[in-house]
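[1] Kindly return the folded structure for what I paste below:
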Amino acid sequence: GGVDSYLYLGKAYAATGDYNYASSVYSNYLSKQGPDAEIYNQLGLCELAKKDYQKALEAFQAGKQIEGNSLMQIVAYEYLQDYQKAAVLLKAYLQNYPDDQAAIREQQFLSTR
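    Residues are numbered from 1 along each chain as shown. The predicted structure follows:
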């Protein structure tokens, strides 16, 4: 019943492509146990896979309130085609993590939008 069991169960279902069930596993944990940054991140990834970008963004934002990493939130804004908001968030992120190669690639991508 701990966080690890929910994470592994959700990841197992996501690995089989059953993102709906994986999302329900993560949502179930959050409703019973309360906020957890890693659970919110996994929920957001499932919502991205389901192409429900608004729900993904909501999950990432909820997780961000717990943890400082905003990179996945930036990706959700990209999927929502809000490139300006994504660029602003990415600029702030890179001020804190200037050596993050994935973020640098994202910045290059955003500069073409």
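[2] Can you list the low-confidence ranges for this structure?
    For the chain, applying pLDDT under 70 flags the ranges 67-72.
[3] rerun at 80
    1, 64, 66-73, 75-76, 96-97, 100, 102 (pLDDT under 80).
[4] all helices of it, in order?
    Taking DSSP state H as the criterion, the chain carries its helices at 3-15, 19-33, 37-49, 53-64, 71-79, 83-96, 101-110.
[5] for Ala86, what are its contacts?
    Ala86 makes contacts with 74-75, 77-78, 106, 110, as judged by Cβ atoms under 8 Å, 6 or more residues apart in numbering. Placement of C-beta: from N, CA and C, glycine included.
[6] Need those in JSON lines (columns: distance to Leu57 and neighbour count).
    Below are those laid out as JSON lines (distance: Cβ to Cβ, whole Å; neighbours: other Cβ atoms under 10 Å):
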{"residue": "Ile74", "distance to Leu57": "10", "neighbour count": "23"}
{"residue": "Val75", "distance to Leu57": "9", "neighbour count": "21"}
{"residue": "Tyr77", "distance to Leu57": "7", "neighbour count": "22"}
{"residue": "Glu78", "distance to Leu57": "10", "neighbour count": "19"}
{"residue": "Glu106", "distance to Leu57": "16", "neighbour count": "20"}
{"residue": "Leu110", "distance to Leu57": "16", "neighbour count": "19"}
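[7] Nearest to Val3, out of those residues: which one, please.
    Nearest to Val3 among the contacts of Ala86, counting by Cβ to Cβ, is Val75 at 23.4 Å.
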